[in-house]
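Peer 1: Requesting a structural model of the entry that follows:
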Amino acid sequence: MLKFILYIILGYFLFRFITGFVIPVFRTGKQIKRQFNDMQQRMEEQMRQQQAAAANNAPQAEKQSPATPVGDYIDFEEVK
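Peer 2: Numbers count the residues shown, from 1 in each chain. Next up is the predicted model:
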């Protein structure tokens, strides 16, 4: 009879340990992993957007750089 009571008490503490510590640790681990993956996806999307914006802006900058000259440069010489 004493063994039976000890087994019940041991089972109760084991159940409390599993439900109070092991399960929350696994849930927290899954949640952290999910949040990390979400953050990584957001960062990748942001990088793609920045690269696309840079790719779209690069041809415009090249088109603007060869501007037509307003006039010829005349070297100024001082006459004494």
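Peer 1: Can you point out the buried residues in stretch 8-15?
Peer 2: Residues of stretch 8-15 classed as buried by neighbour count (16 or more other Cβ atoms under 10 Å): none. C-beta here means a position set from N, CA and C on the backbone, and glycine is covered the same way.
Peer 1: now Lys30: how far from Gln49?
Peer 2: For Lys30, the distance to Gln49 (Cβ to Cβ, to the nearest Å) stands at 29 Å.
Peer 1: Which helix runs longest in this structure?
Peer 2: Using DSSP state H, we find that the single longest helix of the chain is helix 23-64.
Peer 1: what's it packed up against?
Peer 2: Helices and strands touching helix 23-64, by 3 or more Cβ pairs under 8 Å, 6 or more residues apart in numbering; DSSP states H and E: there are none.
Peer 1: could you give the mean pLDDT of that helix?
Peer 2: The predicted model gives helix 23-64 an average pLDDT of 88.
Peer 1: Arg16 versus Ile23, what's the distance?
Peer 2: 11 Å.
Peer 1: do Asp38 as well
Peer 2: Asp38 is 33 Å from Arg16, where distance means Cβ to Cβ.
Peer 1: for Ile9, same thing?
Peer 2: From Ile9 over to Arg16 the distance is 11 Å, taken as Cβ to Cβ.
Peer 1: next one: Leu10
Peer 2: Separation of Leu10 from Arg16 (Cβ to Cβ): 11 Å.
Peer 1: now the longest helix of the chain, how far from the centre of its chain.
Peer 2: 5 Å (Cα atoms, centre = their mean, to the nearest Å).
Peer 1: Next: stretch 4-20.
Peer 2: On Cα atoms, centre = their mean, the centre of stretch 4-20 falls 43 Å from that of its chain.
Peer 1: CA atoms only: put that stretch into PDB for me.
Peer 2: This file holds the C-alpha atoms of stretch 4-20, laid out as PDB (Å, rounded to 0.1, in the frame of the first residue of the first chain):
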ATOM      1  CA  PHE A   4       1.200   2.600  -4.300                       C
ATOM      2  CA  ILE A   5       1.000   5.900  -2.500                       C
ATOM      3  CA  LEU A   6       4.600   6.700  -3.300                       C
ATOM      4  CA  TYR A   7       4.000   5.900  -7.000                       C
ATOM      5  CA  ILE A   8       0.900   8.200  -7.000                       C
ATOM      6  CA  ILE A   9       3.000  11.000  -5.400                       C
ATOM      7  CA  LEU A  10       5.800  10.400  -7.800                       C
ATOM      8  CA  GLY A  11       3.400  10.400 -10.700                       C
ATOM      9  CA  TYR A  12       1.900  13.600  -9.500                       C
ATOM     10  CA  PHE A  13       5.200  15.400  -9.200                       C
ATOM     11  CA  LEU A  14       6.300  14.100 -12.600                       C
ATOM     12  CA  PHE A  15       3.000  15.300 -14.100                       C
ATOM     13  CA  ARG A  16       3.500  18.800 -12.500                       C
ATOM     14  CA  PHE A  17       7.100  18.900 -13.800                       C
ATOM     15  CA  ILE A  18       6.100  18.000 -17.300                       C
ATOM     16  CA  THR A  19       3.100  20.400 -17.500                       C
ATOM     17  CA  GLY A  20       4.900  23.200 -15.600                       C
END
